[in-house]
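Undergrad: Fold the following for me, if possible:
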Amino acid sequence: MKIVICGAGVIGAAIAYALSQRGLQATIIEASAPACAASGKSGGFLALDWCDGSAMSQLARRSFDLHTTLGQQFGEQTGYRRVDTLSIIATEAPHDLSAYAKIAAPPWLNGRCAVNSQLGNADTTAQVHPELFTTTLLNQALAKGCELIHGRVNGIVRDANKVRGVMLDDATFDADVVVIALGPWSALACDWLPVPKVMGQKGASIVLQAQTPIAAHAVFGQYINAAGVEFGPEIFPRPDGQVYMCGVAEHAPLPIDGASVEPSDDAIATLLAIAKTVSRELAEATLLRAQACYRPIVADALPLMGAVPDVAGAYIASAHNCWGILNAPASGEAMAELIVTGATTHVDLRPFSVARPL
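TA: Below you'll find the model as predicted:
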């Protein structure tokens, strides 16, 4: 069976890894570089039960458990660790926040902010470094015989209702199975296959290097700037001493090349202002990266995963929105099972059907 996976982001890497664990070697085709988009520029936050009550509950819980296993197996290669997760409120202008301080703040949250609740603990929340996690899965798959090819997929070769391969810029690659895992660029597949259109939502982020390591926390906040505009910052200190921050949305059309995505100056300035407001340690930190990415999403904010209707051998795994890193392991496992056996064991993919109304 010749399997082609279009896209070397975290979902494509997870599918390739899961297939390799079953003795199958896939060819992964990537236009830019592995984890060059959201899979390398997201926060890497993991939650056991934050999707409870939604169609993603089973997927998220299975993935959280798989992340634990992978973290034990690969350790520092993925940046995995358990964290305590806190909610804060912060204001750029001087303001008495004592009424909002429901929990004692850890030493590094020593700026103009208050911790108003605990959202999770080391039993229910964790983190990985998304780029390390993605490349680790990919490298494990490559070590078992999978192949990574640089090229841009611009079409599907098919005979009536059966895929025969993919078209690249300068070649055609034969395949019995084709999996679209292009993140927001999965929108291109609408011209090739009967699939819903995936959209991209842009967000900016920064990576700081603190002078001293910061404790294992994840922080979700409400930040009000001097003009009264609210933002929802997310702050994730990492085991290597770096600190990732996001929470400023942007609006710009999706470019053709994921490596060309850049943040606006205003978005980065806002993130730096938030960092300086909530923590003296972050105020004194060095800016390592200012970046942006697009997360893939469809109208109901649920993933698209499964076989493409009426086209044998065609599959899609995309639109994981802000939970792509969390849900990658179980998504890869389920897609590999579906391709190999036609059924899934741990996760019911019916809520994510390509044929559902959107």
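Undergrad: Please count neighbours and contacts with C-alpha atoms only from this point.
TA: Will do.
Undergrad: what's the offset of stretch 195-204 from the middle of its chain?
TA: Mean-position distance between stretch 195-204 and its chain equals 13 Å (C-alpha atoms, centre = their mean, to the nearest Å).
Undergrad: what does it rub up against?
TA: Applying C-alpha atoms under 8 Å, 6 or more residues apart in numbering, the external contacts of stretch 195-204 come out as 183-187, 189-190, 246-252, 254, 263-264, 267-268, 290-298, 308, 318-319, 354-355, 358.
Undergrad: switch to 7 Å and redo it
TA: Residues from elsewhere that reach stretch 195-204, judged by C-alpha atoms under 7 Å, 6 or more residues apart in numbering: 184, 186-187, 190, 246, 248-251, 254, 263, 267-268, 291-298, 308, 319, 354.
Undergrad: What about the residues you listed, which are in helices?
TA: Cross-referencing the contacts of stretch 195-204 against helices under DSSP state H gives 267, 268.
Undergrad: where do the helices sit along the stretch 101-250 of the chain?
TA: 130-143 (DSSP state H, counting those that start in this stretch).
Undergrad: Strands of that one, start to end?
TA: Remark: strands assigned in the stretch 101-250 of the chain by DSSP state E, counting those that start in this stretch are 113-120, 125-127, 147-150, 155-159, 162-167, 172-174, 177-180, 199-209, 217-224, 230-231, 234-237, 242-250.
Undergrad: okay, these in JSON lines with mean pLDDT, distance to residue 83 and mean neighbour count next?
TA: Shown next, in JSON lines, are the strands of the stretch 101-250 of the chain (pLDDT from 0 to 100; distance: least, C-alpha to C-alpha, whole Å; neighbours: other C-alpha atoms under 10 Å):
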{"stretch": "strand 113-120", "mean pLDDT": "98", "distance to residue 83": "8", "mean neighbour count": "20"}
{"stretch": "strand 125-127", "mean pLDDT": "98", "distance to residue 83": "5", "mean neighbour count": "25"}
{"stretch": "strand 147-150", "mean pLDDT": "97", "distance to residue 83": "33", "mean neighbour count": "16"}
{"stretch": "strand 155-159", "mean pLDDT": "94", "distance to residue 83": "43", "mean neighbour count": "17"}
{"stretch": "strand 162-167", "mean pLDDT": "97", "distance to residue 83": "42", "mean neighbour count": "20"}
{"stretch": "strand 172-174", "mean pLDDT": "93", "distance to residue 83": "44", "mean neighbour count": "17"}
{"stretch": "strand 177-180", "mean pLDDT": "98", "distance to residue 83": "33", "mean neighbour count": "25"}
{"stretch": "strand 199-209", "mean pLDDT": "97", "distance to residue 83": "18", "mean neighbour count": "23"}
{"stretch": "strand 217-224", "mean pLDDT": "97", "distance to residue 83": "5", "mean neighbour count": "21"}
{"stretch": "strand 230-231", "mean pLDDT": "96", "distance to residue 83": "23", "mean neighbour count": "16"}
{"stretch": "strand 234-237", "mean pLDDT": "98", "distance to residue 83": "9", "mean neighbour count": "24"}
{"stretch": "strand 242-250", "mean pLDDT": "97", "distance to residue 83": "14", "mean neighbour count": "22"}
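Undergrad: Please name whichever of those is nearest to residue 68.
TA: strand 125-127 (8.9 Å; C-alpha to C-alpha).
Undergrad: Starting from the closest one, tell me which strands it pairs with and how they run.
TA: strand 45-47 (antiparallel), strand 81-82 (antiparallel) (DSSP bridges).
Undergrad: which one of the ones you listed lies closest to residue 170?
TA: strand 45-47 (38.3 Å).
Undergrad: can you give me the mean pLDDT across that closest one?
TA: When pLDDT is averaged over strand 45-47, the result is 98.
Undergrad: Buried residues, the next helix or strand along the chain from it. List them.
TA: Once strand 45-47 ends, the next helix or strand along the chain (criterion: DSSP states H and E) is helix 57-74. For helix 57-74, a neighbour-count test (16 or more other C-alpha atoms under 10 Å) marks 57, 58, 59, 60, 61, 62, 63, 64, 66, 67, 70, 71 as buried.
Undergrad: can I get the CA coordinates of helix 57-74 in PDB?
TA: C-alpha atoms of helix 57-74 as PDB (Å, rounded to 0.1, in the frame of the first residue of the first chain):
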ATOM      1  CA  SER A  57     -14.100  14.900  24.800                       C
ATOM      2  CA  GLN A  58     -13.200  11.300  23.800                       C
ATOM      3  CA  LEU A  59     -10.500  12.500  21.400                       C
ATOM      4  CA  ALA A  60      -8.900  14.900  23.900                       C
ATOM      5  CA  ARG A  61      -8.900  12.400  26.800                       C
ATOM      6  CA  ARG A  62      -7.300   9.700  24.600                       C
ATOM      7  CA  SER A  63      -4.700  12.200  23.300                       C
ATOM      8  CA  PHE A  64      -3.900  13.400  26.800                       C
ATOM      9  CA  ASP A  65      -3.100   9.800  27.800                       C
ATOM     10  CA  LEU A  66      -1.000   9.200  24.700                       C
ATOM     11  CA  HIS A  67       0.900  12.400  25.400                       C
ATOM     12  CA  THR A  68       1.800  11.000  28.800                       C
ATOM     13  CA  THR A  69       3.100   7.800  27.300                       C
ATOM     14  CA  LEU A  70       5.000   9.700  24.600                       C
ATOM     15  CA  GLY A  71       6.400  12.100  27.200                       C
ATOM     16  CA  GLN A  72       7.700   9.100  29.300                       C
ATOM     17  CA  GLN A  73       9.100   7.500  26.100                       C
ATOM     18  CA  PHE A  74      10.800  10.500  24.600                       C
END
